[in-house]
Every structure is written in C-alpha cells, then in structure tokens.
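In: here is my input; please provide its structure:
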Amino acid sequence: MAVAGFEKGIKTVETLQKALGIYDYHEFHKTISALVAEGKLKPTKDGKDTNGKQPPLAKKYRVIEERRQDLGDDLIREIEMNFPLIYNRSYYKSHLEQYLDDRDWILKLCAYHNRADCPLLDEMSINERFYDIFKLEKLGSDTRIRSILRKLSIDLTDLNCYKTPEPFIYYSNKEMNAHKILIIENKDTWYTMRKLMNEGFGPFDTIIYGEGKKILSSIEEIEVHQKEYFRDSLSEYFYFGDLDDEGLNIFLMLKEKMKPMEISLWEHGYKTMLKAACAPEYWRKYKIQRSLSRHQVESALHFLSETELDNVMHRFSENLYLPQEIVNHRILRKMWG
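Out: Residues are numbered from 1 along each chain as shown. Below is the predicted model of the structure:
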C-alpha cells in the first residue's frame, strides 16, 4: 500500500487525504489505520491530538516509508500532460509536495484552459472569471489562488479578465466646465455636506464619497466618466478625511494616483477640526499610528503652524486621532453660512 507523502517527515491528515485521493472519510480512516499498523505512518503526540471527527484520526502523522519514486514520476507525467503550454512547469515539478496541496485548484484551472469552447476568448470581470473556473466568485483577492497563479507564471491578462473599481459616488449641484471638487472620506460627512449644498451652502460644486481606501480604486472612473469637469484641468480637487495617519496616507496615495491632476487637503476643514477639538476628550483612541513619518505628516499638513503640527504629532504618538465627524452639521452650516 502506497504512503501519501514522498519524503520522510510530518504531514497533516488533510495533506495525506488529498494525496491518497480518498474523500470518503470512513474509507480514508481504514486506509490510515492500515498504514499505521504496517509501520508506514506514526501519529504525532501518540495520537492524542485528534482531528475531531468520528472515528478520530491524529491531526498529523510522521511518514516512515521512503520516497516513492514511481508516484513522483506519475505526478511529473501529470504536470507535463495537463499543463497548457503557457504554464510554467518548473516550480511544481521540483516541489511535488506543494503540487499535491494545490492540485485540486490547478487541475480545475488546467481543465478550464483546455476547454473546447475556449471561454478565455471572452473577456470577463475578475470575480466572473473565478466563478466560471472554480464556482467560487470571491477568489480574485485570495492569497492562495494568487500564489498558485504566480507559480504558474499566469496573470490576470492570461485569464482575460478586467478589474472592477469601486462604485464612483458623487453629487454635483452645478453643470459647468470646471468644478471645485471635494473628496470626503466618511459617509456621514458626505451626506451632511450634500444636504447643505442642496440648501445653497458651501464653496464646493461637487462632492465625491471616498469610502476610506476604496477611493484609490473608484477614482479610476474619472478617466472614463461622462462628466468632463472631472477631467478638466481647471477643476480643483480637495480631500477631507479623519485626522490620523491612515486618512493622511490615503490622501498621499491619492495624490500620486491622480497625477498629473493636482489635489490638496481642504485646509479650512482641518483647521476647523483642530479648533473644534477644544478639549482632550475630543481626541479618540486609535490603533498604533506609525505608518507615516513626521516629514510626510508635515508635507500633507503644510498649512498648519509649527505649534499645531507639534500638537498633531504629539496626539499621534499617543495613538489618538480626530474623526472628521467632529465638523458636524451645525459647525459646517456656520462655516458655510
């Protein structure tokens, strides 16, 4: 009876099951028990650490049998015969244990590439493509699938699929060539500003809902948007978010992504936030704020005085932040009135 692994060492029970290709649990249990009886497998921790199933098996086994060259040859032959020409074979031919772990996914991918109806000729979104291949639609960002594709030297272009940016949500109260546009990080502030703009308040003609980091994806829609003022060189862009290293980092990444168009922080908004935080309790506890250097913070908040910058850096060092919601409806109406 062949042992699943090719080399001596400790294997998980899941790895053994995949390698043996036995998916009926009771049959698999009988096979493992026989291999243990033959001295080819030995449960770790004397079998006390079990997989929680009935009848139980150990979570891990040590393989006693020497490498099975014939089984290794079979897998190499499978790789040579099944992999399409554009797949890189070298990694998995030299890492057969990893091939066994990834085999189910790879065979589905190979079968899809080799289908007679050539589905890869038709362009699809990433999630549509992965559902078509694996019948799972949320694999586009799955780290294991991305790792398998890298080992095969396959990218999204080879799968003929396109990215789908986050929805581009905006409100404009005027139709003209150039606009004064504000990108807002959080939903409540966006709705409050839209309400005030409907009432005729505010310096902005258009507000865009950033939805945190999702703006880094949705901003790509500007290039193809039907409203030309989003691409007009005379339009002015501003950003307003939480006063923390994450909000400032979103702005700095957005600034790079939008080039050659210019974007600035909304100076009046941030100065109003600091003015409104008249007592220490306005500053909220946050996760560790160390993603930006002082130079980066100073670069983003260049309009603050040295005293104000020192105050911000001191708060950041204590892992405190100001949510943009501190500039509420009452304060905004007063600002814009």
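
In: C-terminal to the helix or strand hosting residue 191, what's the next element?
Out: Residue 191 is part of helix 187-198, with elements assigned from DSSP states H and E. Beyond helix 187-198 on the C-terminal side, the first helix or strand identified by DSSP H and E is strand 206-209.

In: now do that following strand, average pLDDT.
Out: Taken as a whole, strand 206-209 has an average pLDDT of 90.

In: that one pairs with which strands?
Out: strand 169-172 (antiparallel), strand 180-184 (parallel) (DSSP bridges).

In: other SSEs contacting the helix holding residue 191?
Out: With contacts defined as 3 or more Cβ pairs under 8 Å, 6 or more residues apart in numbering; DSSP states H and E, the packing partners of helix 187-198 are strand 169-172, strand 180-184, strand 206-209, helix 329-336. Glycine gets a C-beta too; all of them are placed from N, C-alpha and C.

In: tell me how far that helix lies from the chain's centre.
Out: 29 Å (Cα atoms, centre = their mean, to the nearest Å).

In: and the angle from it to helix 329-336?
Out: Angle of helix 187-198 versus helix 329-336, following axes from the mean of the first three to the mean of the last three Cα atoms, to 10 degrees, is 50 degrees.

In: show residues contacting helix 187-198.
Out: By Cβ atoms under 8 Å, 6 or more residues apart in numbering, the residues outside helix 187-198 that reach it are 169, 171, 173, 182, 184, 202, 204, 207, 209, 211, 240, 324-325, 327-329, 332-333, 336.

In: okay, strands next: where are they in this protein?
Out: Applying DSSP state E to the chain gives strands spanning 9-12, 41-43, 60-63, 124-125, 161-162, 169-172, 180-184, 206-209, 236-240, 263-265, 284-285, 320-321.

In: okay, residue 197 and residue 64: tell me how far apart.
Out: From residue 197 across to residue 64, the span is 74 Å (Cβ to Cβ, to the nearest Å).

In: pick out whichever of those two has more residues nearby.
Out: residue 197 (21 against 15; other Cβ atoms under 10 Å).

In: how much space separates that one from residue 176?
Out: For residue 197, the distance to residue 176 - Cβ to Cβ - is 15 Å.

In: quick check: domain ranges of the chain?
Out: Domain assignment for the chain, taken from automatic domain parsing, gives 9-63, 69-162, 169-336.

In: re the thing from before, let's have the strands of the chain in a markdown table, adding mean neighbour count.
Out: Output for these, formatted as a markdown table (neighbours: other Cβ atoms under 10 Å):
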| stretch | mean neighbour count |
| --- | --- |
| strand 9-12 | 15 |
| strand 41-43 | 19 |
| strand 60-63 | 20 |
| strand 124-125 | 16 |
| strand 161-162 | 17 |
| strand 169-172 | 18 |
| strand 180-184 | 23 |
| strand 206-209 | 24 |
| strand 236-240 | 23 |
| strand 263-265 | 18 |
| strand 284-285 | 12 |
| strand 320-321 | 20 |
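
In: mind putting those into a markdown table with distance to residue 302?
Out: Converted to a markdown table, the strands of the chain look like this (distance: least, Cβ to Cβ, whole Å):
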| stretch | distance to residue 302 |
| --- | --- |
| strand 9-12 | 54 |
| strand 41-43 | 64 |
| strand 60-63 | 57 |
| strand 124-125 | 40 |
| strand 161-162 | 38 |
| strand 169-172 | 27 |
| strand 180-184 | 18 |
| strand 206-209 | 23 |
| strand 236-240 | 14 |
| strand 263-265 | 9 |
| strand 284-285 | 24 |
| strand 320-321 | 19 |
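
In: who wins for proximity to residue 272 among the ones you listed?
Out: With respect to residue 272, and counting by Cβ to Cβ, the nearest of the strands of the chain is strand 236-240 at 10.0 Å.

In: what does that closest one rub up against?
Out: Under Cβ under 8 Å, 6+ apart, the answer for strand 236-240 is 178-185, 189, 204, 210, 250-251, 254, 258, 261-266, 269-270, 324.

In: can you check stretch 295-311 too?
Out: In contact with stretch 295-311 (Cβ under 8 Å, 6+ apart) are residues 245, 248-249, 251-252, 265, 267, 270-271, 274, 312-313, 316.

In: buried members of these into PyMOL, please.
Out: Buried members of the contacts of stretch 295-311, defined by 16 or more other Cβ atoms under 10 Å, are picked up in PyMOL with:
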select buried, resi 245+248+249+251+252+265+270+274+312+316
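
In: need the contacts of stretch 295-311 in JSON lines (columns: pLDDT and distance to residue 230).
Out: Listed next are the contacts of stretch 295-311 as JSON lines, based on pLDDT from 0 to 100; distance: Cβ to Cβ, whole Å:
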{"residue": "245", "pLDDT": "89", "distance to residue 230": "28"}
{"residue": "248", "pLDDT": "94", "distance to residue 230": "23"}
{"residue": "249", "pLDDT": "93", "distance to residue 230": "23"}
{"residue": "251", "pLDDT": "95", "distance to residue 230": "18"}
{"residue": "252", "pLDDT": "94", "distance to residue 230": "21"}
{"residue": "265", "pLDDT": "97", "distance to residue 230": "19"}
{"residue": "267", "pLDDT": "96", "distance to residue 230": "22"}
{"residue": "270", "pLDDT": "96", "distance to residue 230": "24"}
{"residue": "271", "pLDDT": "95", "distance to residue 230": "27"}
{"residue": "274", "pLDDT": "93", "distance to residue 230": "30"}
{"residue": "312", "pLDDT": "92", "distance to residue 230": "31"}
{"residue": "313", "pLDDT": "92", "distance to residue 230": "35"}
{"residue": "316", "pLDDT": "91", "distance to residue 230": "33"}
